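K.L.:
Turn this into a structure:
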Amino acid sequence: MLLFVEQCLNGLQVGLLLFLLAAGLTLVFGIMDLVNLAHGSLYMLGAYFAATFTAFTGSFLAGVALALGATLITGMAVEVIAMRRLYGRDHLDHVLGTFGLILFFNEIVRLVWGPEGRNLPLPAWLSKSIEILPGFPYSMYRLSIIVVSLAVALALYLVVMRTRFGMLVRAGASNREMVGALGVNIRLLYTFLFGVGAALAGLAGMMQAAILTAQIGMGENILILAFVVIIIGGIGSIRGAFIAALFVGFVDTVGRTFLPELLKLTLSPTAASTAAPALSSMLIYLLMAVVLVVRPSGLFPAAGR
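P.N.:
Numbering: from 1, shown residues only. A predicted model of the protein is given here:
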């Protein structure tokens, strides 16, 4: 029972990290109509920035704060220099252009930080475990990821749905020409929005870097899962991305943990341990296929889609 609770919490943590990555992607995709394959590169840069600034300042929190700012600025610069040329063009142009950015960022990271990965050390107060149930310790850092991600999700929802900035973002998604005609600087709005999406991706990368390692190409595999999340949740929908990310996180984590034991009932231990990871990954895409059959626009499609 405690193992199931632990894996549910791990699934929640994985799902919330996916949400941070998918939220920025779905905003850019749904509002700017831009397919951004380089979003995973911003996730990677966030991890490297955090490792560098933490080593420079000697403070984990200061390093993360500086890395968030650096990722935000990098995202805005990418939008001004590269992405702005792709608006209004065919999605194939978006794919080709942003794939080129993936190669560019991978080589930049290799030149600046070298081919080896970078570790992001945790402070002592995040490295310990906390007893959340009698006889059930849980990682303080993983718990902090859950809390911070939930806070970011709530803040993002309130900003998009309850503020003037969010109103302008939603209006720009519906009719950018009309919003521009009303005196709103739509270019500046899109630049800032892209930077916010980059910062969210960077935050997810920073959190993951402390669990694994910051390494070249780390955002490419997880980007596929982020696209799965926004397809399941509905393109342009923050609520849909949140719920879909939780589904994907739970299916992936619980499947990887318990599927080998279920397969051992019918297969040999070696065959079960070999087949389980592939089958658990397939469950995610099976979930996406089922959702698309039932609701082709996703669970919570944005208005107008």
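K.L.:
other SSEs contacting the helix or strand containing Met76?
P.N.:
Using DSSP states H and E, Met76 maps to helix 60-81. Here helix 60-81 touches helix 39-57, helix 186-211, going by 3 or more C-beta pairs under 8 Å, 6 or more residues apart in numbering; DSSP states H and E. Where C-beta positions appear, they are placed from N, C-alpha and C, glycine not excepted.
K.L.:
Can you get me a residue count around the closest residue to Asn10 other than its chain neighbours?
P.N.:
Excluding the flanking residues, the one nearest Asn10 by C-beta to C-beta, 6 or more residues apart in numbering is Thr253, at 4.9 Å. Here the count is done by other C-beta atoms under 10 Å, and Thr253 has 21 residues near it.
K.L.:
now whatever helix or strand Thr253 lives in, how far from the centre of its chain.
P.N.:
Assigned by DSSP H and E, Thr253 belongs to helix 238-263. Centre-to-centre, helix 238-263 and its host chain are 15 Å apart (C-alpha atoms, centre = their mean, to the nearest Å).
K.L.:
swap in stretch 35-53?
P.N.:
With C-alpha atoms, centre = their mean as the basis, stretch 35-53 stands 10 Å off its chain's centre.
K.L.:
In terms of helices and strands, where is the residue nearest to Ala171 when sequence neighbours are not counted?
P.N.:
Distances taken as C-beta to C-beta, 6+ apart place Val179 nearest to Ala171, at 4.9 Å, with adjacent residues excluded. Element membership of Val179, judged by DSSP H and E, is helix 176-181.
K.L.:
Any stretches of the protein with poor pLDDT?
P.N.:
The model of the chain has pLDDT under 70 over residues 1, 172-176, 302-305.
K.L.:
biggest helix in it by residues?
P.N.:
helix 2-32 (DSSP state H).
K.L.:
That helix to helix 39-57, inter-axis angle?
P.N.:
Counting by axes from the mean of the first three to the mean of the last three C-alpha atoms, to 10 degrees, helix 2-32 points 110 degrees away from the direction of helix 39-57.
K.L.:
Which neighbouring elements make contact with helix 2-32?
P.N.:
Contacting helix 2-32 under the criterion 3+ C-beta pairs under 8 Å, 6+ apart are the following elements: helix 39-57, strand 136-139, helix 140-162, helix 164-174, helix 186-211, helix 218-233, helix 238-263.
K.L.:
Quick one: distance of it to the chain centre.
P.N.:
The offset between the C-alpha centroid of helix 2-32 and the centroid of the whole chain comes to 7 Å, using C-alpha atoms, centre = their mean.
K.L.:
List the buried residues of it.
P.N.:
Of the residues in helix 2-32, 6-7, 9-32 count as buried by neighbour count, 16 or more other C-beta atoms under 10 Å.
K.L.:
do stretch 150-170 as well
P.N.:
Residues of stretch 150-170 classed as buried: 152-153, 156, 160, 166, 168-170 (neighbour count, 16+ other C-beta under 10 Å).
K.L.:
which of those lies closest to Gly88?
P.N.:
Taking C-beta to C-beta as the measure, Gly88 lies nearest Val169 of the buried residues of stretch 150-170, at 18.1 Å.
K.L.:
quick one: that closest one and Gly30 touch, right?
P.N.:
No. Here Val169 does not reach Gly30: they are 10.1 Å apart, not a contact under C-beta atoms under 8 Å.
K.L.:
How many residues are close by Gly180?
P.N.:
Gly180, neighbours per other C-beta under 10 Å, totals 14.
K.L.:
before we move on, what about Pro269?
P.N.:
Close neighbours of Pro269, defined as other C-beta under 10 Å, add up to 10.
K.L.:
What's the separation between it and Phe194?
P.N.:
Distance, Pro269 to Phe194, by C-beta to C-beta, to the nearest Å: 49 Å.
K.L.:
show me the contacts for Ala241.
P.N.:
The neighbourhood of Ala241, defined by C-beta atoms under 8 Å, 6 or more residues apart in numbering, consists of 19, 22-23, 26, 229-230, 233.
K.L.:
Sweet, I'm off.
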